[in-house]
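J.: sequence unknown, structure follows:
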C-alpha cells in the first residue's frame, strides 16, 4: 500500500478530480456538514494525506466563528465604537476559536503534498501533520472530539484494528466518521459503475499519472471492501453506539457514523 | 446487485479470467504485460494521443500510443523481419540494447566514423542513455511486444545513422523517416503533429531540406529493423548507410 501512495501522491488531487469528475469535493463537503463542528473542536483526520478534510474543517469552523461573532455584536447595539473595535481585535487572534486538526498519514509523500498545499492556500494555524499508522496511532487515549477517515479505511489491512484505535483516541462523547466507497445495490447502476471503474479508471491512471497498476489496485480494493451493513457491524463490534450510515450517490460512497459514550 | 460471495473469500484474486466484468480477457504474456480490453485500448489510444500533444515530454504516452495503435503495422514489421536472414536472427536471439549489454569502453575505442564510435558520441553529446526506453505493456502478443521494444531501442541508432540531434527538429525528422519505414501510426502522428512545436524558421528548413531527404531515404532504404546492429559496431556509418540505402544527410 505504501508504494502505491508514494507514486500516487503528487498526482493524487488531479486524479481524484478526473476519476470522480470533481464530485469527490461534494462528498467531502457533505461529510463536513454532517460533522457540523463547533469552534473548539479537536479533530483527528486519519489517512488525511493531502489535507482535503482538514482544510474544509478549518473553513467551516472559521465561518461558524465569524457567524457567532456577528451575532454577538448584533446583541451589543449600544456599544461604543471603541468597544466594538476592541472586541474585534480580541477575536482576530482567535479566528479558529481554539479548534485544531491533526492530519495523520502513513505516507510521508502525501503529508509533504498536504503541507505544500496548506502553505499555498494560506492555512497556518490550528493544523498539524503527523506520520502514523491507522492501526497503531501515535496518540494518547481519549484525546479527540472527532475522528475522520475519508477514503482511507479501505487501504488499511486490519480494519478492525483501525476501528479499535479510533475508539481509543476519541474522548467519551466523541464521534467517529468514515467516508468511503461502498456498494451499489441497484443492478443497472452497479453494472455501469463497474464498467466505468474497470475500463476507464486505470486508463485515466496511465494517461494522467503514468501509473496503471496503482489505479487498478484502487478499483479492486473498492470491490473488496465490506458493504454498508457489514462495516456498520464492525463499527458496533468495537464499541461505538448509535452507528448509522448514509448512502451518497446510490451507494457509490457512504458515510458511516458512530459515537463513543 | 449481483450475488456477492461472502467476505471470507481470500483477497487479491487477480490475474485469472472468468470473473465477469472484473477481468480483462487474457493473461500476462510477458513481464510487464497488462492485458487490456478493446475499449481500454481505444481509450488509451485517445488519451495518450491527447497527452502526447499536450506534454511532449511524456515519452511514456508516446510509447503507449505506439502500442495501442500498432495492431496492423507491428505484424507487418514482424513478417518483414521473419523473411530476412538478419531480421530472422534478431527475432530468434532477441538482443536488447542496454547499458548492461553494451561494452561502452570498447565502443569508445573504435575508430571515428564507425557505428559504435558515432553511436557513443551521439549518446554523450545529447546526454541520453539507452536505458530510458519504456518496456512494452499493452501489446497482446509477446513476439510483437519484442518487435516494438526493438524499434524503441534502435531509435537512437536511427539518430546516429541520420545524423540528427535530439532537438525537436531532429526528432521530427527521425519520426518522418520512421513513419515511412515502419508505418506505425504513432510515428505518423508524431511526424504530422510534431512540427507544431517548431518555429517558422525551423519549419522552413524542415520542409525544404530535411523532409524531402528523410522521406526519400525512408522509402529507398531497406527495413532498418533487419540490421543486427550489435554485430556491426566496427562498420563505418557511411558504409552502413550505403548498404541500407539511406542518402547522405544534407
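T.: On my side now, so go ahead. Because the structure is a prediction, the values reported are computed rather than measured.

J.: Quick one: list the elements packing against the lowest-mean-pLDDT helix or strand in chain B.
T.: Taking mean pLDDT, DSSP states H and E as the measure, the helix or strand of chain B with the lowest value is helix B:200-205, at a mean of 84. Secondary structure elements in contact with helix B:200-205, counted by 3 or more C-beta pairs under 8 Å, 6 or more residues apart in numbering or on different chains; DSSP states H and E, are helix B:168-182. All C-beta atoms are positioned from the backbone trio N, CA, C, and that covers glycine.

J.: Run through who's touching the helix it packs on.
T.: Helix B:168-182 is contacted by residues B:56, B:73, B:77, B:151, B:155, B:158-159, B:162, B:164, B:184, B:187-188, B:190-191, B:194-195, B:197-198, B:202, B:205-206, B:210-211, B:214-215, B:217-219, B:221, B:223-225 when judged by C-beta atoms under 8 Å, 6 or more residues apart in numbering or on different chains.

J.: So what's the residue count around residue B:116?
T.: Around residue B:116 sit 24 other residues, with neighbours defined as other C-beta atoms under 10 Å in any protein chain shown.

J.: Would you list the phi and psi of the residue in the stretch 51-200 of chain A that chain B sits nearest to?
T.: When scored by C-beta to the nearest C-beta, the stretch 51-200 of chain A has residue A:190 as its residue closest to chain B, at 4.2 Å. Here is the backbone geometry of residue A:190 (degrees, to the nearest 10): phi -60, psi -40.

J.: Looking at it now. What's its pLDDT?
T.: According to the per-residue confidence, residue A:190 scores 94 in pLDDT.

J.: And for residue B:25?
T.: As summarised for this prediction, residue B:25 has a pLDDT of 55.

J.: again with residue A:120
T.: Taken from the predicted model, the pLDDT recorded for residue A:120 is 91.

J.: Taking the contacts of helix B:168-182, please make a PyMOL selection of just the buried ones.
T.: Of the contacts of helix B:168-182, the buried ones go into a single PyMOL selection, burial set by 16 or more other C-beta atoms under 10 Å in any protein chain shown:
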select buried, chain B and resi 56+73+77+151+155+158+159+162+164+184+187+188+190+191+194+195+198+202+206+210+211+214+215+217+218+221+223+224+225
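
J.: Which of the contacts of helix B:168-182 fall in helices?
T.: If you go by DSSP state H, the contacts of helix B:168-182 have B:73, B:77, B:151, B:155, B:158-159, B:162, B:187-188, B:190-191, B:202, B:205, B:211, B:214-215, B:217-219 in helices.

J.: What separation do you get for the residue of the stretch 51-200 of chain A closest to chain B and residue A:183?
T.: Spatial separation of residue A:190 from residue A:183 under the definition C-beta to C-beta, to the nearest Å is 8 Å.

J.: Comparing the two, which residue is more hemmed in?
T.: Neighbour tally, residue A:190 and residue A:183, criterion other C-beta under 10 Å: the higher count belongs to residue A:183, 22 against 17.

J.: In this structure that one contacts residue A:251, no?
T.: Yes: applying C-beta atoms under 8 Å, one finds residue A:183 in contact with residue A:251, separated by 5.5 Å.

J.: Common neighbours of the two, please.
T.: In the contact map built from C-beta under 8 Å, 6+ apart, the residues linked to both residue A:183 and residue A:251 are residue A:228.

J.: returning to that earlier point: who's in contact with the least confident helix or strand of chain B?
T.: Around helix B:200-205, the neighbours that count as contacts under C-beta under 8 Å, 6+ apart are B:168-169, B:195.

J.: which one of these sits closest to chain A?
T.: residue B:168 (21.4 Å).

J.: Ends of stretch B:203-217, what's the gap?
T.: 19 Å (C-alpha to C-alpha, to the nearest Å).

J.: Distance from that stretch to the middle of the chain?
T.: Distance of stretch B:203-217 from the chain centroid (C-alpha atoms, centre = their mean, to the nearest Å) equals 21 Å.

J.: Check stretch B:154-174 too.
T.: A distance of 12 Å separates the centroid of the chain from that of stretch B:154-174, by C-alpha atoms, centre = their mean.

J.: got the end-to-end distance for that stretch?
T.: 12 Å.

J.: who touches residue B:141 in this structure?
T.: Each residue near residue B:141 by C-beta under 8 Å, 6+ apart is listed here: B:29, B:74.

J.: show me where pLDDT drops low in chain B?
T.: Applying pLDDT under 70 to chain B picks out residues B:1-25.

J.: try it again with 80
T.: Across chain B, residues meeting the criterion (pLDDT under 80) sit at B:1-26, B:56-57, B:132-133, B:250.

J.: ok, now how distant is the residue of the stretch 51-200 of chain A closest to chain B from residue B:127?
T.: Summarising the geometry, the distance separating residue A:190 from residue B:127, computed by C-beta to C-beta, is 52 Å.

J.: Nearest the geometric middle of chain B, what residue?
T.: For chain B, the residue sitting closest to the mean C-alpha position, by C-alpha atoms, centre = their mean, is residue B:152 at 2.7 Å.

J.: Identify the residues contacting the spatially closest residue to that residue that is not a sequence neighbour.
T.: Spatial nearest neighbour of residue B:152, chain neighbours left out: residue B:133 (4.5 Å); criterion: C-beta to C-beta, 6 or more residues apart in numbering or on different chains. Applying C-beta under 8 Å, 6+ apart, we find residue B:133 in contact with B:63, B:149, B:152-153, B:155.
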